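**Student:** Below: sequence and its predicted model.
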Amino acid sequence: MSRARGTKKRLPPDKAEATKCNDERILEEVKQLFTKVRSYSPPTGVEWCLPDSRVVLQDCPWNHPPLQALKQSLNEVKNQLSDKDLAVWHQHTCSTNRAGTVTAHLRATTNAELCTQAWAKFYEILGTFRLLPETALQNGELNSVHLCEAPGAFISALNHYLKTCWPHCDWNWVANTLNPYHEANRRSSTIADDRLIVHTLPWWFFGSDDTGDIMLQKHLVELQGFVSNMHSVDLVTADGSFDCQGDPGEQESLVAPLQYCETVCALLLLAPGGSFVLKMFTLFEHSSVCLLYLLVCCFCSVHVFKPATSKSGNSEVYVVCLGYRAKYALRSLLSKLIRNYGPDLASMAALFPYNCIPNSFLRQHEEICTFFHAMQIDTIQENLSLFSGMSAEQRKWLDQLREYASRFYMQRFQVQFLPRKRWVCRGGSVGSGKPFQRKQMGSFNQRKEMQSKEWRLRLALGACRVRVEEHFQPSEGHDYVLSGPLDGCDLDSWFTLVGATLPKVCSSTFCEQELLDLLNEALEECKLGLEGQPLATNAPVCSSCCAQSPTSILTEVCNLPNITSCLVVGNLSWQHLPLSKDMLQPQFYPGPSYEEVCFSTLHDGDPVYQHELLSCVLSALHDLGEGSVLVVPLCSALTRFSACLVLALHLCFHSISFRCPSGGPPAVLLCVSFTAFPRLKTILQEVLDRMRHLEQGRQLLQFAPTAELIGGALSHFLSSLNNTVMRQQLHMLLQTGGNR
């Protein structure tokens, strides 16, 4: 079967006419917007060669004075933004961004999946360079690996391009990113938008510890095995970055270790003739100079490209590398880079000695840096000028530029409509529905000042203050009910996921992240109570809070109609509660100890606690009869493990709600009207057996599919429970020695 290239549709005459512009100034400025690219090329008669591998990573870090002068002048201009409120400044720069309406235009006309600014940037790269190797397209098979890819816009853009321009090309892809569901990954480092990830999890590589950290050497090796079914890797993209808001002037140095790891990974995976796209920022430091010299020696051509759809005022550029030379030519160098692979690779030494970088390369690099430096400074200064006041004529000019830039993009790259059935997620990209966005409030100076304050002061000045300071009411939890038994859950898809032991629960899909961040900091600062006793036993009770008493909770459930029995897990002290003799008398099972766990940053992620909790619940399920009630204590349900357990209970009870009793535990689940589910008990027993036989340093993280946990009623219920518990814990911690 022949595999001819698909033909791009040309715009009809009326549409082509719409892209014309009568104002030559606008036309020229928009053209320049789409030609921000500079390339490296050795002078005639000069060959750029890699240094001997014996000198690699041997020299101390070095500086190139002309580049440091560019860095200093850029930071002086950027310092003028330190007093600008970030939200206000962001809104302003969005309104002045020449390509600011491109993504909206794409969404309205092309039905692009996951159409974000990143989507528009990568489609622009695809349309500007011959990124996809010709041999792969002619053979009808393309294999790509996407590093630091969340939320997946490069994948969806490449899918759109292939489906509309190369419809007969078989495409296989693999992606990596920091796992947005892993509780030890900080939300400041992860992108929680999982609209594409949740539906394509088998294609995502998170490594043996489930974190997805590509900077771990073991993951570099494991990724090779993960892509071993690919005949060859034709394209690697790397779109990684860190949150550098705390020190924006050193963004380049902060991100350098990640860029080294991404590059080494690409050099290891790519087949001869393959392409590599790497996001970088300013290129002033030795780390960037050496990295780019490595790339120009490994690829036939290397270009530094600033897409029009990348905001002109930031430092972001994409290094586009075409025509990978066979990796056997740099085998000794690669071996050394792999041995030193990791987060410290860029900081411990310079990749190459200064005297090994040819002067001809340094001169070209200076010219490239000067070009992008001047454009960025011009944009920042223009935005500063317009920030103080914009005339109606200036606004009209910008609006015309923005409108024509969108039309120019569509005409230049011929983006076609793609039916939903040809998306990566054919049923539509629907994830948890609540991607976490870290809100940067105030100016840089204000944020730096806020970071130095103690957690109580930051809480008092933050968005959560009112909710945390609200006094607890008996009605808390009554409005959140899971109605069951849940049906339609495919138990054949359940599995056990094991990873490294959690050191701390830094993030959760099932809560407000700001509350968790505050609580973790509060727990770290308040590990001991006022008199040196564990906080859980010494915390005062707020006189204005009205948590429901254990007696009233048991009375409530035991007096429900048609209840045959009531079994209470843990809370053995509740055995002595003064309950009415006329009501159904509860039975009590031993349960896990929650006191120390609840006041640890591990929360419900402690593997000992998890094992005890599952063991007790499983024992109780064996003894429950039809129509019984089960009361289960919880510290929280922040982890996937706890979410899986609540999901399991959701399968065999007619309703589940929660209460927060006075005196602890932080919460109890009220599981009402049991329906026998023998197969579920078998699965839970298998999970428990697996937990008992884990090697040291390993933990069972999950035993039900992610798609069953996020979104819908279960996720909403868990978030309500966790937010209520954390709000109450923070409120309690505020009462402990506020001025000590």
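**Tutor:** Thanks, I have the structure now.
**Student:** what residues does the helix or strand harbouring residue 405 touch?
**Tutor:** In this structure, residue 405 is located in helix 392-413 according to DSSP states H and E. Here helix 392-413 makes contact (Cβ atoms under 8 Å, 6 or more residues apart in numbering) with 11, 15-16, 18-19, 21, 23, 26-27, 29-31, 33-34, 95-102, 104-106, 109, 120, 123-124, 126-127, 308-309, 386, 415. The way it works is simple: take the backbone N, C-alpha and C, and place the C-beta from them, glycine included.
**Student:** Going by neighbour count, list what's buried in it.
**Tutor:** Within helix 392-413, the residues that qualify as buried by neighbour count (16 or more other Cβ atoms under 10 Å) are 397-398, 401-402, 404-413.
**Student:** before we move on, what about stretch 117-131?
**Tutor:** By 16+ other Cβ under 10 Å, the buried positions in stretch 117-131 come out as 117-129, 131.
**Student:** how far does it sit from the chain's center?
**Tutor:** Computed by Cα atoms, centre = their mean, to the nearest Å, the separation of stretch 117-131 from the middle of its chain amounts to 22 Å.
**Student:** so residue 340 makes contact with residue 57?
**Tutor:** Yes: counting by Cβ atoms under 8 Å, residue 57 is a contact partner of residue 340 at 5.7 Å.
**Student:** Show me the common contact partners of the two, please.
**Tutor:** residue 348.
**Student:** residues making contact with the lengthiest strand in the chain?
**Tutor:** Ordering each strand of the chain by length in residues (DSSP state E) puts strand 270-280 first. In this structure, residues lying in contact with strand 270-280 by Cβ under 8 Å, 6+ apart are 122, 125, 129, 131-133, 135, 232-241, 252, 255, 259, 262-263, 266, 288, 291, 295, 299, 304, 316-327.
**Student:** does the residue nearest the centre of the chain sit in a helix or strand, and which one?
**Tutor:** With distances taken as Cα atoms, centre = their mean, residue 191 lies nearest the centre of the chain, 2.0 Å away. Secondary structure from DSSP H and E places residue 191 outside every helix and strand.
**Student:** Let's verify the nearest residue to it once chain neighbours are set aside: helix, strand, or coil?
**Tutor:** Once flanking residues are discounted, residue 191 sits nearest to residue 150: 4.0 Å by Cβ to Cβ, 6 or more residues apart in numbering. At residue 150 the chain is in coil, as set by DSSP: H, G, I helix; E, B strand; the rest coil.
**Student:** rewinding a little: downstream of the longest strand of the chain, the next helix or strand is which one?
**Tutor:** Using DSSP H and E, the helix or strand that follows strand 270-280 towards the C-terminus is helix 286-298.
**Student:** Tell me how confident the model is about that following helix, as a mean pLDDT.
**Tutor:** Helix 286-298 carries an average pLDDT of 97.
**Student:** tell me what it is packed against?
**Tutor:** With contacts taken as 3 or more Cβ pairs under 8 Å, 6 or more residues apart in numbering; DSSP states H and E, helix 286-298 sits against helix 251-269, strand 270-280, strand 299-305, strand 317-324, helix 359-387.
**Student:** Low-confidence ranges, the stretch 601-740 of the chain, go.
**Tutor:** Low-confidence segments of the stretch 601-740 of the chain, defined by pLDDT under 70: 737-740.
**Student:** Please enumerate the strands of it.
**Tutor:** Remark: strands assigned in the stretch 601-740 of the chain by DSSP state E, counting those that start in this stretch are 629-634, 653-659, 667-674, 698-702.
**Student:** of the ones you listed, which approaches residue 67 most closely?
**Tutor:** If you check each of these against residue 67 by Cβ to Cβ, strand 698-702 wins as the nearest, at 44.4 Å.
**Student:** How many residues are close by residue 66?
**Tutor:** 14 (other Cβ atoms under 10 Å).
**Student:** let me redo that: residue 230
**Tutor:** Neighbourhood size, residue 230 [other Cβ under 10 Å]: 18.
**Student:** show me what contacts it?
**Tutor:** 143, 172, 174.
**Student:** Averaged pLDDT, stretch 35-51. What do you get?
**Tutor:** On average, stretch 35-51 scores 95.
**Student:** Which members of the buried residues of helix 392-413 are the farthest-apart pair?
**Tutor:** Every pair of the buried residues of helix 392-413 checked by Cβ to Cβ; the farthest is 397 and 413, at 24.5 Å.
**Student:** Residue 97 against residue 311, yeah?
**Tutor:** Yes: with contact defined as Cβ under 8 Å, residue 97 counts as touching residue 311 (5.5 Å).
**Student:** returning to what we had before: Throw the buried residues of stretch 117-131 into JSON lines and include secondary structure, distance to residue 563 and pLDDT, thanks.
**Tutor:** Output for these, formatted as JSON lines (DSSP: H, G, I helix; E, B strand; the rest coil; distance: Cβ to Cβ, whole Å; pLDDT from 0 to 100):
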{"residue": "117", "secondary structure": "helix", "distance to residue 563": "55", "pLDDT": "96"}
{"residue": "118", "secondary structure": "helix", "distance to residue 563": "53", "pLDDT": "97"}
{"residue": "119", "secondary structure": "helix", "distance to residue 563": "54", "pLDDT": "98"}
{"residue": "120", "secondary structure": "helix", "distance to residue 563": "58", "pLDDT": "98"}
{"residue": "121", "secondary structure": "helix", "distance to residue 563": "59", "pLDDT": "98"}
{"residue": "122", "secondary structure": "helix", "distance to residue 563": "58", "pLDDT": "98"}
{"residue": "123", "secondary structure": "helix", "distance to residue 563": "59", "pLDDT": "98"}
{"residue": "124", "secondary structure": "helix", "distance to residue 563": "63", "pLDDT": "98"}
{"residue": "125", "secondary structure": "helix", "distance to residue 563": "63", "pLDDT": "98"}
{"residue": "126", "secondary structure": "helix", "distance to residue 563": "62", "pLDDT": "98"}
{"residue": "127", "secondary structure": "helix", "distance to residue 563": "66", "pLDDT": "97"}
{"residue": "128", "secondary structure": "helix", "distance to residue 563": "68", "pLDDT": "98"}
{"residue": "129", "secondary structure": "coil", "distance to residue 563": "68", "pLDDT": "98"}
{"residue": "131", "secondary structure": "coil", "distance to residue 563": "65", "pLDDT": "98"}
